[in-house]
Every structure is written in C-alpha cells, then in structure tokens.
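Novice: Give me the fold of what follows.
(chains A and B, ligands or ions: 2)
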Amino acid sequence: MEENQKFSTALSHFILIIGIIIITFPIYYALVTSSQSLQTVLSGKTTLLPGGNFLENYKEIFSTNKNIIQGISIWRLLLNSLIVTICITFGKTIISIMSAYAIVYFKFPFQKTAFALIFLTLMLPIEVRIVPTFQMASSLNFLDSYQGLSVPLIASATATFLFRQFFMSIPDELCEAARIDGAGPLRFFFDTILPLSKTSIAALFVILFIYGWNQYLWPLLITTKQSMGTIIIALTQMIANDGTTPWHLVMGVALIAMLPPILVVVLMQKWFVKGLIDSEK
Amino acid sequence: MAKVLLKNLKKSYQNNQIIKNINLEINDGEFIVVLGPSGCGKSTMLRMIAGLEKVTEGEIYIGQTNVTKLEPKDRSIAMVFQNYALYPHMTVYKNIAYGLKLHKVPKAEIEKKVEIAAEMLQLKDLLQRKPNQLSGGQRQRVAMGRAIVREPNVFLFDEPLSNLDAKLRTQMRFEIKNIHRNVKTTSIYVTHDQIEAMTLADRIILLNKGEIEQIGTPNELYESPASTFVGGFIGNPPMNFISGEIANKYLQIDSLNSSKIAGIRPERIQITDKERETNKNECLIPFNIKMCESIGHETLIYGNIENSNTELIVKESSHSFVKNKKINLQILYKDLHLFNATNGKRL
Ligand SMILES: Nc1ncnc2c1ncn2[C@@H]1O[C@H](COP(=O)(O)OP(=O)(O)O)[C@@H](O)[C@H]1O
Ligand SMILES: [Mg+2]
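Specialist: Ligands and ions are numbered 1, 2, ... in the order given. Have a look, this model is predicted:
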C-alpha cells in the first residue's frame, strides 16, 4: 500500500515536471538567446547556457533613444499597452457588473431578451465581427487612438455572465433585508453587492488584464501610426523579412512583454488568498 | 405599536390564486403565529404585509395607515428571515446599525440603541465579528437585533428558527417570547412547526391552501378544532378520525350517520384489557394492535378497529399490553369531536 502511494506520488511529480519543462523551455530559450550577442545567435552555435551579453542587451532595449520599431522606444510601447489594458480591464469590469446587476435585480420589459442578446455575443468573438466593428470605429474617428484600441473590446458577455452567476448565488433575502432597511438600488449596489463581489472582481481583473494585454488582431487593424502600437504589435514588427532581425533583442522584448501579466497574477494571487481566508459568503 | 388589518387580501401568481380573500385584525402588541403546511401561502402573506410582494387585491393597514402601496421601508416593519439574511461583509455592529444609518439617525443615538439591543440579546462581545464567525443561534440573534433597534410598529418573522437544531430552537423560542414581553411590539410569526405556534402565540392563524382555516388561541385550536384539517394538523400524533358508519356501531350517539365524522385525540383514548360494563359516559371499541412504538415516557399504539380498515393511533403512558392482541379502547363521549363529512367543518 505504502509502496503504491510512493509510486503514484513519484509518477504525478514526474508528469508535472515534464509539463513544466515543456512550458518553460521556450521561455528559458528566449532568456538564453537574449543574453547572447547577435553574432552568436546568427552563427547557429547557440548553447543552452546563457551568454555574457545579458546586461548589455537589456540596457540597449531599455535605453530611451533605442528605437524598437521606427522612432519608438520600448517605454512608449509599454505605456500604450498599459493604458489600453487598464481601459479594457476597468471598462469591462464596470460595464459587466452593472449590466449583470440590472439583469439579476431589476424587472424590465424584454429582460430575458436583453440577457439572450448579451449571451449571444459570447458566440461572436472579435475575429468574427471584426469588419463591422472596424467600420464603426473608423466612422467614429477611433483610428489610431486609445479609444479605438480599447472601447470595442470593452463589452464583455463572459464577464457579465460571470457576475450574473455570482449575483444569483446571493440569497434574495439579502436584497429584501436591504429594502426593509431602506436601501435603494444604488445603495444596495455600493453597500452590499460591490463589497461581496471583491473576490470575483479580483479574479476577473487577472483574466481581463491578460486578455487586454495580449490583444493582437484588433490593435493591428485599428492602428496605422507606429506611435500608437502596443508592445505585442511591436514584437511582430521587429521581425524583419530581410534577415536583419535583431533576434537577441526580440527575445528580450518578448520576455519584457511577458512580465506585466505575470506581475498581475502574482500580486493578485495574494488577493485571492485573502478573499478565500475571510470567505464572505 | 400598532394594529394590523388585512382586508380582503388576495394574491395570484399568473392565474394561480395563492392567497384567497384573507380578512384579519391583529391587535396592538399581540403575538400572532401563522401556522400551516408548507406551500399554503404563509410566506406570501407575510411578504405582502412587509411590502416585498405586490398585493393583487385588497388592503393592508398598519396602525391607521393604508400601507398597501408603500415601500417596505415606509411601513415601519422589521423582518427576520429564515436564513438570517445578514450582510456577510459587515460586522455584527454594522449589521444592526445599518438600517438606522440609512434612516439618518445620529451616530451617538445609533451607538446607544445598538448597545441596548446587544445587551438584550447577549451580543455584546460579538459586535466586532463578521456573521461567518458566529453560530446559527448567534446569527439569528443578530437578525433579531437588527429588527429591534429599528423600533418598528410590527415585527415579521418568517420561520426564523427552522435552520437551528432542536435544542437551540427551544432556547431561542424562549428568547423570542422574552423579547416580546419586553418590547410588546405587535408580531406576526410564520412557522410550520406546531410546537412553536402553541408555545409562542397569543392567537394562531391556521392557514390551508391560502385560506384561514381557524383563528384562535392555542387552546381553542387544540380543544375545539374548527375542521378536520385543524384536528389533523394540531396535535402530535394527529387526531384520529372515524367515519360515521363505523362509529355508529360502537358509539351510542343518535345523530351519528354517514354524513358525519367523529374525531378523537390519541391521548384521550384509554386501553382496557378485559370486557366490562360501560357506563353512559363512555363506550368501548374492539381494537387490533398492529405495532407499538415506545418513545420513552409514552408509547404509540397503531392498529385498526376490529372488522374495519379504520386505522387509529393511541397514545398510552403504560407499557402493559402485548403486541398483536385484541384489546378494547375506551372513549369518553365528551372527548369526541363531530365534523361534517362533506366539508370537514365542525358541527
Ligand atoms: N414568485 C412566485 N411565482 C409563482 N408561484 C409562487 C411564487 N412564490 C410562491 N409561489 C407559490 O405560492 C405558494 C405558497 O408559497 P409560500 O407562501 O412560500 O408557502 P409557505 O411559506 O406557506 O411554505 C406555493 O405553492 C408556491 O409555489
Ligand atoms: Mg415559507
């Protein structure tokens, strides 16, 4: 029996380790590449051990007068990405929590239809509705602007659905108790619903941040000016067709682009745990 | 403090009438228990009084005010829910104070009121805790505190003790009774538990399928049930019913025939072993014992009247009888209740 347990523990560890290797190897390889000189990278003699150009390469990437893509420094790209991601994350959270609140707690004509319509858009990802959305954005003069980068991505059926499910799990009596206590709809929302949703909001924040940060297709379409590019777009634009791609820098930028989502996950994880410890439901 | 008056109160969901024409006058300071099987419309009625449910037809008065169309917060009521409905993210103190805060009561006054309520409910040491750090009984006390500090005209309770275990339920029953003695606020208490109803109520309203079956003191409901439904609902085990034809064979009552039903409480039936002469106040019914259940201080005897399939339950304090034995049941005429066989009403 004990032997058996040891074996199964070993096996599960073995499988997990293989999974981790598969996932982290490309990242490790990017790290190694970003620490080598371009000549080493191009010579094809790259090893699995880091080279000696690590500091040099990253200094170059982060220097304000280094053009990652024509005329644009990495700082500008990171700032663009951050602004857009924050807009998307907050916009999505606010809109979806409000629409879920309306759907769950208010009776209005065509309530079911409204929810059905929102639900329907779950089946229509941005790629499917990209042409009409683009047309609308361009007629609203949203091209090459932060609004253009964020607003069309803000409506979120997924988040609305998530909040709806959460609100429906809150007992009706809580709302009724609030009504008897004299809390109107807004009061109830801010005094009760919002504090109770903290953990859900935190979870959603992480998901939406990663979603916003990793947007690729839409920013590619809606921006023409390099100065409005996001870091993800820039990354692809760094890869030149004529064989002059600075691979050591590309790998460095790729790793840097990965950092903010990782940071958010790590920071918010504390929040999750906190939310779980004084679980408030 | 106020009277509560329900006038021709009706409630329908779609075409389904849940509450059928209820007329009721509740006196100032009275403790009314609304009793009935689950699904009979007790909660619906209470929620209409609270203003949480729209009234389909009829009127509700609290004091002199017609509150039929008022918002819950304007009715001067407070409600205690079965699942407590405390705000999970607020401390006990904030839970109790919240309603006062919304009614713009000055802070110092809120503090004072919460303190008094906490004292009364033994919550003083718990004020800074969150609801999830409390036991069920403590939570229900907080819910009660929340109701008390508002100093409403009417307390509404919807099965407040159903989520508690039996021992705690008894204890909380006493506390509710005590609180009512202290504050003397008109209270309407919904439950499906007859023990709660019998012990708490000044008057019980027995509801059946959205209609009032009987209104009366606990004793009145027990001693003279207005219908077979009341007899069958109040008392544990419930009243035995014997159809007129069967009863006629053994009971020497002139008027007894098939248009009537006789009812007798299990605890009013005596067991006599041997054949004996009967006097004019009693009669004997031959009985086959099928099963006995001992519940400690007393025994429930199940069986049927000889040569019929009328099943009876007898409650006895002695254990001196043998299973599967033919015995005689002794019934006193004064303990018999007679009902109309067609509509079940008391005769
Ligand atoms: N919102 C509603 N829509 C339709 N029917 C309802 C609704 N609420 C309650 N009912 C029905 O009304 C009846 C009485 O319910 P309720 O008052 O909760 O019963 P009780 O509290 O006595 O157990 C039940 O048959 C229930 O199905
Ligand atoms: Mg109920």
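Novice: From residue A:213, how far out is residue A:260?
Specialist: To residue A:213, residue A:260 is 6 Å away according to C-beta to C-beta, to the nearest Å. Glycine gets a C-beta too; all of them are placed from N, C-alpha and C.
Novice: Torsion angles phi and psi at the residue positioned nearest the centre of chain A?
Specialist: For chain A, the residue nearest the mean C-alpha position is residue A:210 (1.4 Å; C-alpha atoms, centre = their mean). Here the main-chain torsion angles of residue A:210 (degrees, to the nearest 10) amount to phi -60, psi -40.
Novice: Name the residues contacting each of residue A:260 and residue A:213.
Specialist: Counting by C-beta atoms under 8 Å, 6 or more residues apart in numbering or on different chains, the shared contacts of residue A:260 and residue A:213 are A:81, A:85.
Novice: one step back: where's the residue lying closest to the residue nearest to the centre of chain A once chain neighbours are set aside, which helix or strand?
Specialist: Spatial nearest neighbour of residue A:210, chain neighbours left out: residue A:261 (4.7 Å); criterion: C-beta to C-beta, 6 or more residues apart in numbering or on different chains. Element membership for residue A:261, per DSSP states H and E: helix A:247-277.
Novice: Mind listing what's buried along that helix?
Specialist: Within helix A:247-277, the residues scored as buried using 16 or more other C-beta atoms under 10 Å in any protein chain shown are A:247-257, A:260-261, A:264, A:268, A:271, A:275.
Novice: can you check stretch A:60-70 too?
Specialist: Those buried within stretch A:60-70 under the rule 16+ other C-beta under 10 Å are A:61, A:68-69.
Novice: and that stretch, how far out from the chain's middle?
Specialist: Computed by C-alpha atoms, centre = their mean, to the nearest Å, the separation of stretch A:60-70 from the middle of its chain amounts to 24 Å.
Novice: Need the residues that contact that stretch.
Specialist: A:73-75, A:77, A:226, A:229, A:234, A:237-238, A:249, A:252-253, A:256.
Novice: Apply 6 Å and report the result again.
Specialist: Under the criterion C-beta atoms under 6 Å, 6 or more residues apart in numbering or on different chains, residues A:73-74, A:226, A:234, A:237, A:249, A:252 lie in contact with stretch A:60-70.
Novice: Same check on stretch B:301-313?
Specialist: Under C-beta under 6 Å, 6+ apart, the answer for stretch B:301-313 is B:237, B:240, B:242, B:246, B:266, B:285-292, B:300, B:314.
Novice: Which of those residues fall in helices?
Specialist: residue B:246 (DSSP state H).
Novice: Go ahead and confirm residue B:204 touches residue B:221.
Specialist: Yes - with contact defined as C-beta atoms under 6 Å, residue B:204 reaches residue B:221; the gap is 5.5 Å.
Novice: What ranges in the stretch 151-300 of chain B fall below the confidence cut-off?
Specialist: B:252-255, B:273-276 (pLDDT under 70).
Novice: where along it do the helices fall?
Specialist: B:166-183, B:194-200, B:218-223, B:228-233, B:244-250 (DSSP state H, counting those that start in this stretch).
Novice: so which of these gets nearest chain A?
Specialist: helix B:166-183 (17.5 Å; C-beta to the nearest C-beta).
Novice: Looking at the contacts of stretch B:301-313, point me to the pair that's furthest apart.
Specialist: Pairwise distances across the contacts of stretch B:301-313 peak at 22.7 Å for B:246 and B:292 (criterion: C-beta to C-beta).
Novice: returning to that earlier point: mind giving me the packing neighbours of the helix holding residue A:261?
Specialist: Here helix A:247-277 touches helix A:2-33, helix A:38-43, helix A:54-62, helix A:198-213, helix A:231-238, going by 3 or more C-beta pairs under 6 Å, 6 or more residues apart in numbering or on different chains; DSSP states H and E.
Novice: Pull up the residues of the stretch 51-200 of chain A that are close to chain B.
Specialist: Counting by C-beta under 6 Å from any C-beta of the partner chain, the positions of the stretch 51-200 of chain A adjacent to chain B are A:171, A:173-174, A:176-177, A:179-183, A:192, A:195-196.
Novice: So which of those is surrounded by the most neighbours?
Specialist: Using other C-beta atoms under 10 Å in any protein chain shown as the neighbour test, those are led by residue A:177, with 29 neighbours.
Novice: The residue nearest to the centre of chain A and residue A:263 touch, don't they?
Specialist: No - with contact defined as C-beta under 6 Å, residue A:210 does not count as touching residue A:263 (11.1 Å).
Novice: Reformat the residues of the stretch 51-200 of chain A next to chain B as a markdown table; add distance to ligand 1.
Specialist: Formatted as a markdown table, those follow (distance: C-beta to the nearest ligand atom, whole Å):
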| residue | distance to ligand 1 |
| --- | --- |
| A:171 | 15 |
| A:173 | 12 |
| A:174 | 17 |
| A:176 | 13 |
| A:177 | 17 |
| A:179 | 16 |
| A:180 | 17 |
| A:181 | 22 |
| A:182 | 23 |
| A:183 | 22 |
| A:192 | 22 |
| A:195 | 28 |
| A:196 | 24 |
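Novice: Which ones among those residues map onto helices?
Specialist: Cross-referencing those against helices under DSSP H gives A:173-174, A:176-177, A:179-181, A:195-196.
Novice: Could you identify the pair within the residues you listed that is furthest apart?
Specialist: Spatially, the most separated pair among those is A:180 and A:195, at 19.2 Å (C-beta to C-beta).
Novice: in the stretch 101-250 of chain B, what residue is nearest chain A?
Specialist: As assessed by C-beta to the nearest C-beta, chain A sits closest to residue B:102 within the stretch 101-250 of chain B, at 4.2 Å.
Novice: Now do that residue against residue B:149, distance only.
Specialist: Taken as C-beta to C-beta, the span from residue B:102 to residue B:149 is 12 Å.
Novice: swap in residue B:83?
Specialist: From residue B:83 to residue B:149 the distance is 20 Å (C-beta to C-beta).
Novice: Tell me which residues touch residue B:95, please.
Specialist: Residue B:95 neighbours (C-beta under 6 Å, 6+ apart): B:86-87, B:142, B:146.
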